[in-house]
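**Q** With the input below, show me the fold.
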Amino acid sequence: MTWRSAVSTVGALLATALLVGAAQPQRTLSVREFERPVLAFPTGIAAAPDGSIWIASTFADKLVRFHPKTGESKEFPLPMNARPVGLLADSGGGVWFAASGLAFVGRQDPAGGKPKEFAIPAILTAYAAFPAPWALARDPRGGDLWFTVHSDGIVGRLPHGAEPVHRGFAVREIKLGAAKLRPDGIAVDGRGGIWVAEPGGDQLARISQADGAVTPLPLPPGSRPRGVAAGPDGAIWVTLFGSHRLLCLDPMTLRTRSWPMPSGQGSSPYAVAVAASGAVWVAEFMADTIVRFDPGTEQMTAIALLTPHSRVRALTIDGEGRVWYVGSASGRLGVIE
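**A** This is a model prediction of the structure:
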């Protein structure tokens, strides 16, 4: 069965996107949304090297693996109240996930079975609720896994090749500051810097991989940074949810530039991903559009999504350059190609 016939079988929606925004190149992109798999408030998505798409069905406490060529999917149940959020596919075909409801990061093997679980030390001092691991990033040099803890002002580091420790912790923590910082997106620049969005403090933080030193970089009041992604040239891209702008930071000089999003005050940019070509893709959370930004021409192209009030919190780019997204409110998996 081909992908296109499978899409027809499950009743996927098909449309040609209209391009909107201040700058409009003469091109169109097609958007597809799928009725299957059925998702419950999905908040994470990752493209695997084999072409499959992993999805965090957050409120169902499940991971879902979708195969674009066949339209088939497989579910991987997690412990009750795991509430998976951030995802990161690895070269072994598995996927790492942040269990925001149970204070651990884990790895699910594609063959199934119980996932590996790595608890975070902050659970020992938790008072009202479990600490919430949130977004994940991989160091391209050494392979260490880095992740934010949204509830506690912490970043965690899991060494490459680590195994779960009985009555102990393989995860090491770095304290960013007070819990009110609410660390969100995270990215690794490949030059020894770890970059974290702190929407509660209107700032970014740079963590030195060498010694764990934390350097805050204040942003204008009301910026509320959310998503962070590293480009192929090492540039760091950040969505400013509160000020409705896209920011680019040079990790060497710390110089920044920013651009207004095409939907203006109705934008609230959230997820961001950078293609191998350097094109930057941004989800406008409130506008229900996904925007392609060309750094060379500084032009933005906004693609309207098919389902109103989708509220996209996560997107990813596969090996063929297709952009996959999930609408947390719509429960839809979609692709732009």
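**Q** Identify the residue nearest the geometric centre of this protein.
**A** Ala314 (4.9 Å; C-alpha atoms, centre = their mean).
**Q** Mind telling me what element that one is part of?
**A** Taking DSSP states H and E as the definition, Ala314 sits inside strand 312-317.
**Q** contacting residues around that strand?
**A** Contact with strand 312-317 is made by 42-47, 53, 56, 86-87, 270-276, 281, 283, 285, 288, 290, 305, 323-328, as judged by C-beta atoms under 8 Å, 6 or more residues apart in numbering. Heads up, the C-betas are built off the backbone N, CA and C, glycines and all.
**Q** pLDDT on it, on average?
**A** The pLDDT scores in strand 312-317 average 98.
**Q** Can you list the strands that that strand pairs with?
**A** Sheet pairing here is set by DSSP bridges, and for strand 312-317 it gives strand 323-327 (antiparallel).
**Q** Show me the contact partners of the strand it pairs with.
**A** 39, 42-45, 47, 53, 55, 271, 273, 281, 283, 290, 305, 307, 310-318, 332-337.
**Q** Next: stretch 159-166.
**A** 116-118, 139, 142-145, 170, 172.
**Q** ok now it, how far from the chain's centre?
**A** Distance of stretch 159-166 from the chain centroid (C-alpha atoms, centre = their mean, to the nearest Å) equals 23 Å.
**Q** Please identify the buried residues of that stretch?
**A** Residues Ala162 are the ones in stretch 159-166 that count as buried (16 or more other C-beta atoms under 10 Å).
**Q** helix/strand/coil for Gly200?
**A** helix (DSSP: H, G, I helix; E, B strand; the rest coil).
**Q** Hmm, Leu181 and it touching each other?
**A** Yes. The pair Gly200 and Leu181 passes the contact test of C-beta atoms under 8 Å, sitting 4.6 Å apart.
**Q** the more surrounded of those two?
**A** Neighbours per residue (other C-beta atoms under 10 Å) separate Gly200 from Leu181, with Leu181 holding more: 23 against 17.
**Q** That one and Ala197 touch, don't they?
**A** No. Using C-beta under 8 Å, Leu181 makes no contact with Ala197, being 9.5 Å away.
**Q** ok, back up a step: want to try TSV for the contacts of stretch 159-166, with pLDDT as columns?
**A** Below are the contacts of stretch 159-166 laid out as TSV (pLDDT from 0 to 100):
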residue	pLDDT
Lys116	97
Glu117	97
Phe118	98
Asp139	93
Gly142	87
Gly143	93
Asp144	96
Leu145	97
Ala170	97
Arg172	96
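**Q** what's the most distant pair in those?
**A** The distance between the two most remote of those (C-beta to C-beta) is 22.1 Å, for Glu117 and Gly142.
**Q** Comparing the two, which residue is more hemmed in?
**A** Glu117 (16 against 11).
**Q** who's in contact with that one?
**A** Contacts of Glu117 (C-beta under 8 Å, 6+ apart): 99, 104-106, 164.
**Q** again with Pro68
**A** 3, 51-53, 318, 335.
**Q** Setting aside sequence neighbours, what's the nearest residue to His160?
**A** Gly143 (3.3 Å; C-beta to C-beta, 6 or more residues apart in numbering).
**Q** before we move on, back to that, got any residues that touch both of Leu181 and Ala197?
**A** Shared contacts of Leu181 and Ala197 (C-beta under 8 Å, 6+ apart): none.
**Q** ok so, going back, distance of the residue nearest to His160 relative to Val335?
**A** For Gly143, the distance to Val335 (C-beta to C-beta, to the nearest Å) stands at 29 Å.
**Q** Name the residue in those two with the higher neighbour count.
**A** Set Gly143 next to Val335 and count neighbours by other C-beta under 10 Å: Val335 wins out with 20 against 13.
**Q** bridging residues for that one?
**A** Beta-bridge partners of Val335, as defined by DSSP bridges: Arg32, Trp324.
**Q** Pull the residues that contact stretch 243-251.
**A** 189, 191, 193, 195, 204, 206, 217, 219-220, 222-225, 234-240, 255-261, 263-269, 272, 280, 282, 291, 293, 295.
**Q** redo that, cut-off 7 Å
**A** With C-beta atoms under 7 Å, 6 or more residues apart in numbering as the test, stretch 243-251 has contacts from 189, 191, 193, 220, 222-223, 234-240, 256-261, 264-265, 267-269, 280, 282, 293.
**Q** Select only the buried ones of those residues in PyMOL?
**A** Burial among the contacts of stretch 243-251 is assessed by 16+ other C-beta under 10 Å; the matching PyMOL selection reads:
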select buried, resi 189+193+223+235+236+237+238+239+240+258+259+261+267+268+269+280+282+293
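**Q** Now intersect the contacts of stretch 243-251 with the strands, please.
**A** Of these, the ones assigned to strands by DSSP state E are 193, 236-240, 256-260, 269, 280, 282, 293.
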